[in-house]
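Peer 1: Prediction below, plus the sequence it came from.
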Amino acid sequence: MVDADQTFVIVGGGLAGAKAAETLRAEGFSGRVILICDERDHPYERPALSKGYLLGKEERDSVFVHEPAWYAQNDVELHLGQTVDAIDRTAKTVRFGEDGTVVRYDRLLLATGSEPRRLDVPGTDLAGVHHLRRLAHSERLRGVLQSLGRDNGHLVVAGAGWIGLEVAAAAREYGAEVTVVEPEPTPLHGVLGPELGALFAELHQDHGVRFRFGVRLTEIVGQDGMVLAARTDDGEEHPAHDVLAAIGAAPRTGLAEAAGLEIADRAHGGGVVVDERLRTSDPDIFATGDVAAFPHALFDTRIRVEHWANALNGGPAAARAMLGRPVRYDRVPYFFSDQYDLGMEYSGWAPPGTYDQVVIRGDAGKREFIAFWLAEGRVLAGMNVNVWDVTEPIQNLIRSQAPLDADALADPHVPLDSLLP
């Protein structure tokens, strides 16, 4: 039973945490809401950090989830620049801040997100080595790319995932020279597989990006604290004035682990184990966003999703679960990317090894198409590239779990909705 004397604490001031606080108030919770954020900026959304804001096309204020005054107006106690260092599950308290403030909770939500994986090579302490996760990172990187563009400078990107490719595209738009180092045979190999990864390689090569596939960064060479070059394990040395480490992200599970909560194994993405209601192994502690590993009935496995839509939808779902509302979190994973003149949306979950067929609807050569990943005729995922207003029918096909005729799926004259059983 939830009442006005209860205290709900949210650890993590990203999109998931801010939307959870918003939902608690929207659902009528009149108790105490405490939101603890380890950044000094108000909660913000991250997609613009590698897209519009990085390119200078979006203003800084546009990234924030709420106006700064919203928190006081809605009686949300916002603690910025404060780190939670301990959870006492027996006393039901969290300790945070430099002065060790302790507050008691009735329900606790972990929305601690993820953090960039670090390069484990010599030279990572040089001033020109960058990561991209926070607003301050994007602000710094935007200035770097502008300078590289003016001076015909070189950026080396370690990793050809979404962040690496979006920054590579931004760097080229600023006029910088770009080399991407990737140990897999194509970009996005672990997400799209080789079939569609090759398309993104061609896109970037058409815009002047150089790729080095099948190799790893082994050293960043510098002098007087500045980057001069990047070496790879094939013996090559690549000119570089700056290096971006974009080799993925790790869920921030340290707080949960120290509290004795169940953690998923690496095969399931790591993260804090939650049930379909986003409840952890402790019934009064919930987790959502990047850090949560939840069971997904559609894909018959536990997954962890790092994308914007998961934070946008997972925060409200967790808030409702904390209030005792009926919740079954089974959203179809969704993300989007913008690179040069290519825009895409991806729905579903189909890492290599889970599918047996890729079906293309449209013209991949013109980069106007929809790709479907199938297993035994059932759609696991769909990606629309420069084709719009099809996310809902793609997700309906995924949810139907019905075997489909591949020829009909590939035929752009057959409406997608007509394929539903």
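Peer 2: Thanks, I have the structure now. Residues are numbered from 1 along each chain as shown.
Peer 1: Residue 21 and residue 76: what is the separation?
Peer 2: Using Cβ to Cβ, to the nearest Å, residue 21 is found at 5 Å from residue 76. From N, CA and C alone the C-beta is placed, and that goes for glycine too.
Peer 1: These two: which is more packed in?
Peer 2: Shown here are residue 21 and residue 76; by other Cβ atoms under 10 Å, residue 21 has more neighbours (31 against 19).
Peer 1: ok, now which ones touch that one?
Peer 2: 10, 33, 35, 71, 74, 76, 319 (Cβ atoms under 8 Å, 6 or more residues apart in numbering).
Peer 1: Could you pick out which of those residues are located in strands?
Peer 2: Using DSSP state E, 10, 33, 35, 76 are the members of these that sit in strands.
Peer 1: what's the burial count for the second one?
Peer 2: Per other Cβ under 10 Å, the neighbour tally for residue 33 reads 23.
Peer 1: Identify the bridge partners of it.
Peer 2: residue 8, residue 76 (DSSP bridges).
Peer 1: quick one: contacts for it?
Peer 2: Applying Cβ under 8 Å, 6+ apart to residue 33 gives the contacts 7, 8, 10, 21, 24, 25, 75, 76, 77.
Peer 1: where exactly do the helices run in the stretch 51-200 of the chain?
Peer 2: Assigned by DSSP state H, counting those that start in this stretch, the stretch 51-200 of the chain shows helices spanning 69-73, 135-151, 162-174, 189-206.
Peer 1: Dump the C-alpha coordinates for the second one into CSV.
Peer 2: So the one you mean is helix 135-151. Below are the C-alpha coordinates for helix 135-151, written out as CSV (Å, rounded to 0.1, in the frame of the first residue of the first chain):
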residue,chain,number,x,y,z
LEU,A,135,26.9,16.6,-21.9
ALA,A,136,30.4,17.9,-20.9
HIS,A,137,32.0,15.3,-23.2
SER,A,138,29.9,16.4,-26.1
GLU,A,139,30.6,20.1,-25.5
ARG,A,140,34.4,19.4,-25.4
LEU,A,141,34.2,17.1,-28.5
ARG,A,142,32.3,19.6,-30.5
GLY,A,143,35.1,22.1,-30.0
VAL,A,144,37.7,19.5,-30.9
LEU,A,145,35.9,18.6,-34.2
GLN,A,146,35.5,22.2,-35.2
SER,A,147,39.3,22.7,-34.6
LEU,A,148,40.2,19.6,-36.5
GLY,A,149,38.0,20.7,-39.4
ARG,A,150,39.6,24.1,-39.6
ASP,A,151,43.1,22.7,-39.4
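Peer 1: That one: which residues count as buried?
Peer 2: Buried residues in helix 135-151, defined by neighbour count with 16 or more other Cβ atoms under 10 Å: 135, 137, 138, 141, 142, 144, 145, 148, 149.
Peer 1: Same question for stretch 263-273.
Peer 2: 263, 264, 268, 269, 270, 271, 272, 273.
Peer 1: Which of these fall in strands?
Peer 2: 272, 273.
Peer 1: how about low-confidence regions in the stretch 151-300 of the chain?
Peer 2: Along the stretch 151-300 of the chain, no part satisfies pLDDT under 70.
Peer 1: what separates residue 45 from residue 59, distance-wise?
Peer 2: 13 Å.
Peer 1: Tell me which of those two has more neighbours.
Peer 2: residue 45 (19 against 10).
Peer 1: Tell me which residues touch the more buried one, please.
Peer 2: Applying Cβ under 8 Å, 6+ apart to residue 45 gives the contacts 15, 63, 64, 65, 308.
Peer 1: Please apply the same query to residue 262.
Peer 2: So residue 262 contacts 272, 273, 280, 281 (Cβ under 8 Å, 6+ apart).
Peer 1: does the closest residue to the third one other than its chain neighbours sit in a helix, a strand or a coil?
Peer 2: Computed as Cβ to Cβ, 6 or more residues apart in numbering, the closest residue to residue 280 that is not its neighbour in sequence is residue 261, at 5.0 Å. Secondary structure state of residue 261, per DSSP: H, G, I helix; E, B strand; the rest coil, is coil.
Peer 1: you'd agree residue 261 is up against residue 285?
Peer 2: Yes - here residue 261 reaches residue 285: they are 6.7 Å apart, a contact under Cβ atoms under 8 Å.
Peer 1: Looking at those two, which is more packed in?
Peer 2: Neighbour count, other Cβ under 10 Å: between residue 261 and residue 285, residue 285 has more, with 24 against 20.
Peer 1: Which residues are in contact with each of residue 21 and residue 76?
Peer 2: Common neighbours of residue 21 and residue 76 (Cβ under 8 Å, 6+ apart) are 33, 35.
Peer 1: hmm, which of the contacts of residue 33 are the buried ones?
Peer 2: Buried among these by 16+ other Cβ under 10 Å: 7, 8, 10, 21, 24, 25, 76, 77.
Peer 1: And these, which two are furthest apart?
Peer 2: Within these, two members stand farthest from each other by Cβ to Cβ: 7 and 25, at 14.1 Å.
Peer 1: Next, the contact list for residue 276, please.
Peer 2: By Cβ under 8 Å, 6+ apart, the contact set of residue 276 is 294, 295, 297, 327, 328, 329, 330.
Peer 1: Apart from its chain neighbours, what residue comes closest to it?
Peer 2: In space, residue 276 is closest to residue 328, 4.9 Å off (Cβ to Cβ, 6+ apart).
Peer 1: Check the spacing between that neighbour and residue 68 real quick.
Peer 2: Following Cβ to Cβ, the distance that separates residue 328 from residue 68 is 34 Å.
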